[in-house]
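> sequence plus predicted model, see below.
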Amino acid sequence: MKAIVAVDEKWGIGKKNGLLFDLPADMAYFREKTLNKVVVMGSNTLKSFPGGKPLKKRVNVVLYPGGEKRDDCFIVGDMAELKAELAKYDADDIFIIGGAMFYKTMLPYCDEVLVTKVKADGGAEVFYENLDEKENWRKTYESDPVITNGYEIRFTVYKNALPEKF
């Protein structure tokens, strides 16, 4: 299982239930990595999408306690249901995509996190865990800088030496 996230210089990821930056190159990277894969999110992340609609050409699994079943995505009510649903898929095809609380809950189970680092302070209200400071996590890849919409970004990969079994 992997996570994919964009962070600012302080590991900030969002404010007002939205993204910090409009980064076309990062959106293209996100699409490339998650297309035809399984994306897993909390209910607020789903609600933040245009029209509250799930992402196209992906299996969308949403942890949404009390949420009504839908035809366009899989709604699971608790972690036991989530575990049962995700067991149907290859772990390498599963991407955790937010929000902040869900990222934190699922991080121990991820063997890899794809982190887009933005060289700016986005004034975030919610943050991702600083993987540079977490035991068992190490950066294994960092791209050259890319400029997108006036921001310098780098695509990085962090690996977890001891992921927990989900």
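Now that the structure is in, tell me what you want to look at.
> buried sites along stretch 156-166?
For stretch 156-166, burial by neighbour count (16 or more other C-beta atoms under 10 Å) applies to 156, 158-160, 163. Backbone N, C-alpha and C define where each C-beta goes, glycine included.
> what about T105, neighbour count?
14 (other C-beta atoms under 10 Å).
> next one: K16
9.
> point out where this protein drops to low pLDDT.
The chain contains no residues with pLDDT under 70.
> now the strands for it?
2-7, 12-14, 38-42, 59-63, 74-76, 94-96, 112-118, 126-127, 137-142, 146-148, 151-160 (DSSP state E).
> then the fourth one to CSV, C-alphas only?
Taking Å, rounded to 0.1, in the frame of the first residue of the first chain, the C-alpha atoms of strand 59-63 are listed here in CSV:
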residue,chain,number,x,y,z
VAL,A,59,-11.6,2.3,-8.0
ASN,A,60,-12.7,4.7,-5.3
VAL,A,61,-12.9,3.4,-1.7
VAL,A,62,-14.2,5.9,0.9
LEU,A,63,-14.1,5.5,4.7
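> just give me the residue right at the centre of this structure.
I97 (2.4 Å; C-alpha atoms, centre = their mean).
> tell me who's in contact with it.
For I97, the contacting residues are 3-5, 34, 39-41, 45, by C-beta atoms under 8 Å, 6 or more residues apart in numbering.
> could you do F74 as well?
59-62, 85.
> try it again at 7 Å.
By C-beta atoms under 7 Å, 6 or more residues apart in numbering, F74 lies in contact with 60-62, 85.
> just name the closest of these to F30, please.
Among the contacts of F74, N60 lies closest to F30 (C-beta to C-beta), at 13.9 Å.
> and the closest one, how many neighbours does it have?
21.
> tell me the spacing between it and L46.
7 Å (C-beta to C-beta, to the nearest Å).
> just put the contacts of F74 in CSV and tack on distance to Y29.
Conversion of the contacts of F74 to CSV gives the following (distance: C-beta to C-beta, whole Å):
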residue, distance to Y29
N60, 19
V61, 21
V62, 22
E85, 26
